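**Student:** With the sequence up front, the predicted model follows.
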Amino acid sequence: MILLRYNDFSTGGELILKFYDYPIISKESSLPVFLVSVGLNEWQYHVKCDKGDNYAKALYCTKGSGVLIMNGEKHIIKPYTAFFIPAGCPHEYYSTDESWDTHWIKPSGKSCPDMLKALGFDKPKIFPLSKEEITYLDHCFRCMHEALLSDKVDGNFRASGYLYSFFIELSRLAAKGKGSVQIAPAVTKAIAYIDENYMKQPGLESISKAAGVSSQHLCRLFRQTLNCRPMEYITKRKIQAAKMLLAETQKTVDQIAEETGFCDSSYFCKIFKRFESITPSQFRSIEQAL
């Protein structure tokens, strides 16, 4: 690890420190996803990988500007921009300013490709970051460095936990950069209506009417936003309410089935086990033991 310069973005202070962390990979290689390296370059040097890197790499910058060449295309990288380079993807980047800071992360692990794909990072990606919303992303970044710095034995286990949070937050910010995380008002209205009426098993037509859109359009919005249909969401909402009653009250399974809008307790138990893989009674035993 080389320590030179680092900026503490959470306080606005400066810690005269720059770092490159390359943890010795040992026990953490058994984790589904783990950290290979993390670092900060406040003055980014010229990087050229004609055959790509062995690992995927996520980078973001907060000041200065640079050029990224990926798949033969040249991109100007401005402050508060992130970019993702898949493993094996030829690339080149360099500063075009007096200073260009780059924060970089390299993940690995047998489940890493699946995680990256699920979060939308299976292809090269460039997207803007909101200056006001970068705090948590930078927190995860700094925590990875601090975990490695403070614990030479188990630090990368902790760092790998922050790595997962980092990519989830990066995915959220990437989606926001495309404008896709804006939840349609119809979905918000439909969810509010379901919250008030789920125990009555409202029909698709009444939900659509409350949302102010057609049934077909509402189904499309639910699939895009929640990856399920409105009627499936109602069932999940009923299961959610049932879990709270099972954990926090002594009401019988029959009473809970009735209160949450299931036609009878046997059907309730069947649906509950389908979603939770255990019976309501087993769920109660586990939760109340805790």
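**Tutor:** Perfect, I can see it now. Numbers count the residues shown, from 1 in each chain.

**Student:** Now the most centrally placed residue in the chain: closest residue in space, sequence neighbours ignored.
**Tutor:** Within the chain, one residue has its C-alpha closest to the average C-alpha position: by Cα atoms, centre = their mean, that is Ile168, at 1.8 Å. The shortest distance from Ile168 to any non-neighbouring residue, by Cβ to Cβ, 6 or more residues apart in numbering, is to Leu119 (6.7 Å). The C-beta positions use only the backbone N, C-alpha and C, and glycine is treated the same way.

**Student:** Relative to Ala211, how far out is that neighbour?
**Tutor:** Shown here: Leu119 relative to Ala211, a distance of 29 Å by Cβ to Cβ, to the nearest Å.

**Student:** And these two? Which one has more around it.
**Tutor:** Between Leu119 and Ala211, counted using other Cβ atoms under 10 Å, the more crowded position is Ala211 (25 against 18).

**Student:** who touches the more buried one in this structure?
**Tutor:** Residues near Ala211 by Cβ atoms under 8 Å, 6 or more residues apart in numbering: Ala186, Val187, Lys189, Ala190, Tyr193, Leu218.

**Student:** Could you list which of those belong to helices?
**Tutor:** Secondary structure assignment (DSSP state H) places Ala186, Val187, Lys189, Ala190, Tyr193, Leu218 from the contacts of Ala211 within helices.

**Student:** pLDDT, distance to Lys123 and neighbour count added to the contacts of Ala211, as a markdown table?
**Tutor:** Below are these laid out as a markdown table (pLDDT from 0 to 100; distance: Cβ to Cβ, whole Å; neighbours: other Cβ atoms under 10 Å):
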| residue | pLDDT | distance to Lys123 | neighbour count |
| --- | --- | --- | --- |
| Ala186 | 93 | 30 | 20 |
| Val187 | 92 | 27 | 19 |
| Lys189 | 94 | 34 | 17 |
| Ala190 | 95 | 32 | 27 |
| Tyr193 | 95 | 37 | 18 |
| Leu218 | 95 | 30 | 25 |
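
**Student:** Out of these, the closest to Leu148 would be?
**Tutor:** Nearest to Leu148 out of the contacts of Ala211 is Val187 (Cβ to Cβ; 40.8 Å).
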